[in-house]
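Undergrad: Test case, fold it:
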Amino acid sequence: MTALDSQPEDQEQLEKKVKCFSVINTEIVADDPVAHLIQGNKYFEEFNLEEAALEYKKSLELNPLFFEAYINLATIFYEKFQLEEAFKTLENALQIRQDNADVYIFLGLILYRQDRLDKAIEAFNKASTVLQTIGHQDSGLMEDIRRDMVIQPDIKNHLGYYRLGIHLNKQSIIEKAIEKCNEIIKKNPNNSTAYFILGLVYSKKGNLEEAIDNFLAAIQINPKEERTYFYLGNAYYQQRDFDRAIQHYKLAVQKNPFNPDTFYNLGSVFYEKEEFEEAIKNYKEVIQRNPTDFRTFNHLGVSFHYLGDYKEAIKHYTQAISISPEDSHIWPSFLRKLAQTQLKAVNIANCLDKTKEATQG
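TA: Sure, this is the predicted structure:
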């Protein structure tokens, strides 16, 4: 008998089972969707994304109405930058429940990263409506999301509200975040997330030494979290401590090789160091993961230009412009660089022709 042949458990029953399985050390039960979900969560904590995805898929085969399994599977697709798969998985989740604001926020983030801004705004509007319907106040955060579209919400994080406020640069929330995190740390000194949030706060305030201390404290408690290494690398980058920045970006890549932003920042550090071959290597990793990132094609063009490879420079400048031709306000500088590169390429070709003529003559 397949899962579709039998009557799936309702959402309330599943949530009770998840809580139960979460507090006991259970063995995988071949025909229990909750057991597979819990096993998937264990793999996810180890950042074994392939095995985690397999467990979530098994859970959904057994119960195609398991909301939490869809959310966790979508999170894996998002971590691997498989945005279309994440989007489709969340759409399946919404067929089961339409009263969860986090799903709409997650959808909005995916749409934003796909440059589908109108649809992203619709998703954030829906999240705001859901929050108001269930009696929660969003304190203007949804309005800021719709206006600024500069967000990195962590839907799995209990301190996600503060993290969102920090990224939106809401000063009242930033100050409140310090108080809240210190309160949490006083109760539980091993809460790595609170230290991480403090690191974000102090980074936003420009207090990089405090930020670094808190990111290091978070890593000491939980050395598996990729994002902490990434933001620690950013803090060192801002201090122009390039060697430490590279060290921690590389550690972030080890934890999560799917994030194009880490490779982009690595490329940018090598660019600052004028190590253009290393910069190109990392920028190419970005393009493999996000082939529509015009800023990376531009940086590739500049790097090839400095190496004297004008043919490749022209190729990548042109690709950058072709990806986003509507951004006319940024193209004058790109076009100047493209023209300069083409001129150098022509001059070199002319010199080679004259040298050849002189040699033959």
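
Undergrad: need the strands for the stretch 151-300 of the chain, in chain order.
TA: Shown for the stretch 151-300 of the chain, no strands are assigned by DSSP state E, counting those that start in this stretch.

Undergrad: for it, which spans come out with low pLDDT?
TA: Low-confidence regions of the stretch 151-300 of the chain, defined here as pLDDT under 70, cover residues 151-173.

Undergrad: CA atoms only for the helix or strand where Tyr112 lies - export them in CSV, please.
TA: Secondary-structure assignment from DSSP states H and E places Tyr112 in helix 101-113. Backbone C-alpha positions of helix 101-113 (Å, rounded to 0.1, in the frame of the first residue of the first chain) are rendered in CSV as follows:
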residue,chain,number,x,y,z
ALA,A,101,3.8,33.8,7.2
ASP,A,102,7.4,32.3,7.1
VAL,A,103,6.5,30.4,3.9
TYR,A,104,5.6,33.6,2.2
ILE,A,105,8.7,35.4,3.4
PHE,A,106,10.8,32.4,2.2
LEU,A,107,9.0,32.6,-1.2
GLY,A,108,9.6,36.3,-1.3
LEU,A,109,13.3,35.8,-0.7
ILE,A,110,13.6,33.3,-3.5
LEU,A,111,11.7,35.5,-5.9
TYR,A,112,13.9,38.4,-4.9
ARG,A,113,17.1,36.4,-5.7
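
Undergrad: so what does that helix touch, helix or strand wise?
TA: Using 3 or more CB pairs under 8 Å, 6 or more residues apart in numbering; DSSP states H and E as the contact definition, the elements that helix 101-113 packs against are helix 67-79, helix 83-96, helix 117-133. To be clear about C-beta, it is placed using only N, CA and C from the backbone, and glycine gets the same treatment.

Undergrad: Buried deepest among these, which one?
TA: By mean neighbour count, with neighbours taken as mean count of other CB atoms under 10 Å, helix 67-79 ranks first of the helices and strands packed on helix 101-113 at a mean of 22.

Undergrad: So this structure: which segments form each domain?
TA: Here the domain parsing of the chain from automatic domain parsing is 1-80, 224-288, 292-361.

Undergrad: Endpoint to endpoint, the second one covers what distance?
TA: Right, the one you point to is domain 224-288. Taking CA to CA, to the nearest Å, domain 224-288 runs 25 Å from one end to the other.

Undergrad: What sits closest to Asn191 if chain neighbours are left out?
TA: Ile184 (5.3 Å; CB to CB, 6 or more residues apart in numbering).
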